[in-house]
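Visitor: how would this look folded up:
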Amino acid sequence: MKKIFFIICISYCLICNSNAAGYKVGNIVSDVFEPVRNFKINIPPGEWIVTQTASDAFYGLRWKSFILVRLDNRKFAEAIVFEEIHTAGVYEYIVNNEIVKLIFKNKYDGCYERPEYYYLNFYRKGTTYNCLRTGHRNINKRVYNPRDPELSNVYSQLKKWLRDNSLDLPKIGLWSNHGYFSRLVKGKLYSLGYYADPSVLNGPKNSFFTEETSEYHRNRIKDFPEHEKTMNKWTSIAAKRHLQFEKAVKAKERHLLNLRQLVSSSASLSSDQSEDTVEQLKKLNDLYKSGVLNKDEFEKAKKKILN
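Guide: Below is the predicted model of the structure:
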């Protein structure tokens, strides 16, 4: 019974008691996200809305989770999903086995090669693991009709918030997941997920809207160079975020991933993005001077580019 309960909780903790400490649904978070004690990360600019919270405890196991969403012109732009499960000293043999099953033997998802992943890098020794994954997701389907039927009620608060605000989720979005667990670091399991509409990176429009047929699929992306460029940008950003994540979870030095090459790409990306911004502003100014845009339209468009 305890084992079954643990499996349910570790896999589906988002459906538990919604009284997570610190943040409440509707709160606005900016700049720094500190969901639990001794875990703090910088988050992308803008106002992030808390759309779901959960926390509970059972026989010494404790977990918390939060979902943040950022909107752009009343449309979904990005989301962050955070989960922490505190397992220290509790049924270690059972917990260890279930963690291995959940992370490395889960047929629906996990830290192993899958066709929908664009990039995978991980460290594993025993039950210790440090994992970075990037790729694309049908965000709408993952929330409303997940492949794993037992996840169908996981996002109940988020779905209510979306309905109350008349918001839709993109069918195809960019995704990264950052996971870490070690008995050497207080036995806490961390998972941090980022989701984004490709428009956040000025990505091209999509013509295919399933995970299997998407232009971002690893087996098809070479045929769509603009999509590949966007995914490479996203993966470079994810690598930089993972360095911050490793620091936040206090990962041991020997558990760290080698992301040097991707982070170097991220530095180049910052330069490229600056050049893109200048070019966009020049084009916008030309439209304003030619009379295509009035002053109000020009200022709104300029503000959007700079943001």
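Visitor: what sits against the closest residue in space to I28 that isn't next to it in sequence?
Guide: Nearest non-adjacent residue to I28, counting by Cβ to Cβ, 6 or more residues apart in numbering: E47, 5.1 Å away. Every residue, glycine included, has its C-beta placed from N, CA and C. E47 makes contact with 28-30, 70-71, according to Cβ atoms under 8 Å, 6 or more residues apart in numbering.
Visitor: 10 Å instead?
Guide: The contact partners of E47, by Cβ atoms under 10 Å, 6 or more residues apart in numbering, come to 28-30, 68-71.
Visitor: check I43 too.
Guide: So I43 contacts 29-33, 68, 70, 78, 80, 194, 241, 244 (Cβ under 10 Å, 6+ apart).
Visitor: what residues does the closest residue to N38 other than its chain neighbours make contact with?
Guide: Leaving out its chain neighbours, the residue that sits closest to N38 by Cβ to Cβ, 6+ apart is K250, at 7.7 Å. Shown in contact with K250 (Cβ under 10 Å, 6+ apart): 38-39, 180, 182, 184-186, 188.
Visitor: mind checking which of those residues are buried?
Guide: Neighbour counting by 16 or more other Cβ atoms under 10 Å classes 39, 180, 182, 185, 188 among the contacts of K250 as buried.
Visitor: between those, which is closest to D296?
Guide: Of all these, D296 sits closest to F39, with 42.7 Å by Cβ to Cβ.
Visitor: against H227, how distant is that closest one?
Guide: F39 sits 33 Å away from H227, going by Cβ to Cβ, to the nearest Å.
Visitor: would you map out the domains in the chain?
Guide: 2-258, 265-307 (automatic domain parsing).
Visitor: out of the ones you listed, name the one with the poorest average pLDDT.
Guide: Among the domains of the chain, domain 265-307 carries the lowest mean pLDDT, a mean of 64.
Visitor: which of the domains of the chain sits most buried?
Guide: domain 2-258 (a mean of 17; mean count of other Cβ atoms under 10 Å).
Visitor: so how far is that one from its chain's centroid?
Guide: Chain-centre distance of domain 2-258: 5 Å, with Cα atoms, centre = their mean, to the nearest Å.
Visitor: surely L61 and I99 touch.
Guide: No: L61 is beyond contact range of I99, at 11.9 Å (criterion: Cβ atoms under 10 Å).
Visitor: could the contacts of E47 go into a markdown table alongside distance to K282?
Guide: Formatted as a markdown table, these follow (distance: Cβ to Cβ, whole Å):
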| residue | distance to K282 |
| --- | --- |
| I28 | 34 |
| V29 | 34 |
| S30 | 30 |
| L68 | 34 |
| V69 | 33 |
| R70 | 28 |
| L71 | 28 |
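Visitor: out of these, list just those in strands.
Guide: 28-29, 68-71 (DSSP state E).
Visitor: including distance to G126, could those residues go into TSV?
Guide: Formatted as TSV, those follow (distance: Cβ to Cβ, whole Å):
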residue	distance to G126
I28	41
V29	35
L68	32
V69	36
R70	37
L71	42
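Visitor: greatest separation within those residues: which pair is it?
Guide: Top of the distance list for these (Cβ to Cβ): V29 and L71, 13.1 Å.
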